[in-house]
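Peer 1: structure for the following, please:
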Amino acid sequence: KMETYTTEQVAKLLHTSRRTLQMLREEGALEGIKGRSYLYTDDALRTFAELFRGRSFTSRDEVREVMKHGR
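Peer 2: From the prediction side, this is the model:
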């Protein structure tokens, strides 16, 4: 069974806000599954963690730079 996490759980896990998670989804950095609210899978969180390990993910410009050039 695929484990999923709510927006609130992921925000707490990443020590960030719902608004930052929205920005990450909009920029393609974190895949969310749309239902009544967004859900995030283990795979999506793992991919995000690998891509942003050691990098800031709170600035839209920095996120765009990572997404454009990868690691």
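Peer 1: quick one: low-confidence ranges for the protein?
Peer 2: 71 (pLDDT under 70).
Peer 1: which SS class is the most centrally placed residue in the chain?
Peer 2: The residue lying closest to the centre of the chain (CA atoms, centre = their mean) is residue 30, at 3.3 Å. Classification of residue 30 using DSSP: H, G, I helix; E, B strand; the rest coil returns coil.
Peer 1: what segments of the protein are strands?
Peer 2: Using DSSP state E, the strands of the chain run over 4-6, 33-34, 38-41.
Peer 1: next, format those strands as TSV and append mean neighbour count and distance to residue 60.
Peer 2: For the C-beta atoms, the positions are set from N, CA and C on the backbone; glycine is no exception. Converted to TSV, the strands of the chain look like this (neighbours: other CB atoms under 10 Å; distance: least, CB to CB, whole Å):
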stretch	mean neighbour count	distance to residue 60
strand 4-6	16	23
strand 33-34	10	21
strand 38-41	19	18
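Peer 1: so which of those strands gets nearest residue 65?
Peer 2: strand 38-41 (22.4 Å; CB to CB).
Peer 1: grab the nearest non-local neighbour of the residue nearest to the centre of the chain.
Peer 2: Leaving out its chain neighbours, the residue that sits closest to residue 30 by CB to CB, 6 or more residues apart in numbering is residue 24, at 4.0 Å.
Peer 1: quick one on the thing from earlier: of the strands of the chain, which is nearest residue 69?
Peer 2: Taking CB to CB, strand 38-41 is the member of the strands of the chain nearest to residue 69, at 23.8 Å.
Peer 1: burial measure for residue 25, as a count.
Peer 2: Per other CB atoms under 10 Å, the neighbour tally for residue 25 reads 17.
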